[in-house]
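Engineer: Sequence and predicted model, in that order:
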Amino acid sequence: MLNRRHLLQGSAALVLGGSAALRVAEAAPFKPNFDKLEHRVTDKTAPEVFFIPAVTPDAMTRVYHALHWKPVGRVGVKLNFEGKGKPYVDPRIIAPVVKEVKRTFLESNTYSTTRDRLKLAEVLGFAAVAPTDIIDDQGTVDLPVKNGYHLKFHRVGSHFQNYDSVISIVRYKLHNLPQLGGTLKNLSITLSPFVGRCNIHSAGRSLTWQESDPETTAESITDAVKGALAARPGRWAFLCAMPAFTPKDNCRGAIDVGNIGVFASLDPVALDAVCTDITLQSAPDKATRDAWIKAHTLTILDKAEKNGVGRRSYRLTILK
């Protein structure tokens, strides 16, 4: 059971910190061609991704409602606070959805403490929206992974068991860290405490830090996603904001593509795929695009599909 030490319902004013989600982006020399997104299809069996070309609370609420998803039981909202000055999702954008589902944010300590993580929630403005449960504050639990590439289990915080339905909310970003910054990461690496991350990065070989090669790590990430989805089958929904983002890696030709919009889907792979397709369109040439794919191991999307956690091809429904 949770107690007051593990939940924080703050009243702090919202602070933007490092988030640029509601700031008007400077004009970028890029406009997506939605008709030519690489993996967009018209096949009615493909998963649907809903999209609004605006980064606002109303837009996020509308794409969420377009899912017609009905959570059951206690609802958790899985996101990553990142940190002040880092690219976290703006709490103002997600506040209406989180409050509608009677909300609790789910976060993990990883490299921090419960006290520090709850303080960060207050500083960044999340505490003014909903309470936070640091799910690994009282130990861990292993979610079985069946027929994956490498992992036999996905180790997450024990409080994850207290939630019947989960909404994943991410701020998509490609040019940030080596791993794709999106929904797949939110269900794997950032759902885990440090020991769970060790399990993923070592491809299940160790619960202490051991790095695998990027392709193996990508496969292990999809294994962890498989465990998370299987733990709550049919009870996940996925939301994503794609606001202006200044590239933070060394990829040649990477630009701030400006405020793209918000997305929602019941398929985590499809959601990451459409955001990735949009970002890859901004590459100035094929050589640059191929370099980005290699640098960020974007084969993870194909690996995820082969691992049975979603489909890379998607139908994109643009809401007016």
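Structural biologist: Received it, and whenever you're ready, just let me know what you need.

Engineer: Mind telling me what element residue 103 is part of?
Structural biologist: Following DSSP states H and E, one finds residue 103 outside all helices and strands.

Engineer: That one: what's its closest spatial neighbour, skipping adjacent residues?
Structural biologist: What sits nearest to residue 103 in space, not counting adjacent residues and going by CB to CB, 6 or more residues apart in numbering, is residue 130, at 3.8 Å. In this view, the C-beta of every residue, glycine as well, is placed from N, C-alpha and C.

Engineer: mind listing the helices for the chain?
Structural biologist: Using DSSP state H, the helices of the chain run over residues 57-66, 91-100, 114-124, 183-186, 194-201, 214-231, 268-281, 286-295, 300-306.

Engineer: Of all those, which one comes closest to residue 146?
Structural biologist: helix 214-231 (7.0 Å; CB to CB).

Engineer: now that closest one: mean pLDDT?
Structural biologist: Helix 214-231 comes out with an average pLDDT of 98.

Engineer: tell me what that helix is packed against?
Structural biologist: strand 140-144, strand 153-157, helix 183-186, helix 194-201, helix 300-306 (3 or more CB pairs under 8 Å, 6 or more residues apart in numbering; DSSP states H and E).

Engineer: Can you give the distance of stretch 45-56 from its chain's centre?
Structural biologist: 15 Å (CA atoms, centre = their mean, to the nearest Å).

Engineer: do stretch 258-275 as well
Structural biologist: 10 Å.

Engineer: Give the rounded mean pLDDT of it.
Structural biologist: 97.

Engineer: ends of it, how far apart?
Structural biologist: 13 Å (CA to CA, to the nearest Å).

Engineer: What of stretch 250-260?
Structural biologist: Stretch 250-260: ends 22 Å apart by CA to CA.

Engineer: Contacts for it next, please.
Structural biologist: 24-30, 32, 53-55, 174-175, 242-247, 275, 278-279, 282-285, 288, 291-292, 295 (CB atoms under 8 Å, 6 or more residues apart in numbering).

Engineer: before we move on, what about stretch 274-286?
Structural biologist: By CB under 8 Å, 6+ apart, stretch 274-286 touches 30, 32-33, 36-40, 49, 51, 172, 174-175, 180, 182, 240, 242, 253-255, 257, 260, 263, 289, 292-293, 298, 301, 314, 316.

Engineer: Can you say which of these are buried?
Structural biologist: Among the contacts of stretch 274-286, those classed as buried by neighbour count (16 or more other CB atoms under 10 Å) are 30, 32, 37, 39-40, 49, 51, 172, 174-175, 180, 182, 240, 242, 254-255, 257, 260, 263, 289, 292, 298, 301, 314, 316.

Engineer: Now do the contacts for the residue most central in space within the chain.
Structural biologist: With distances taken as CA atoms, centre = their mean, residue 183 lies nearest the centre of the chain, 3.1 Å away. By CB under 8 Å, 6+ apart, residue 183 lies in contact with 168, 170, 238, 240, 268, 271, 272.

Engineer: Equivalent analysis for residue 192, please.
Structural biologist: 108, 110, 154, 155, 156, 199, 200, 224.

Engineer: for those residues, which one is nearest residue 91?
Structural biologist: Nearest to residue 91 among the contacts of residue 192, with distances taken as CB to CB, is residue 108, at 18.0 Å.
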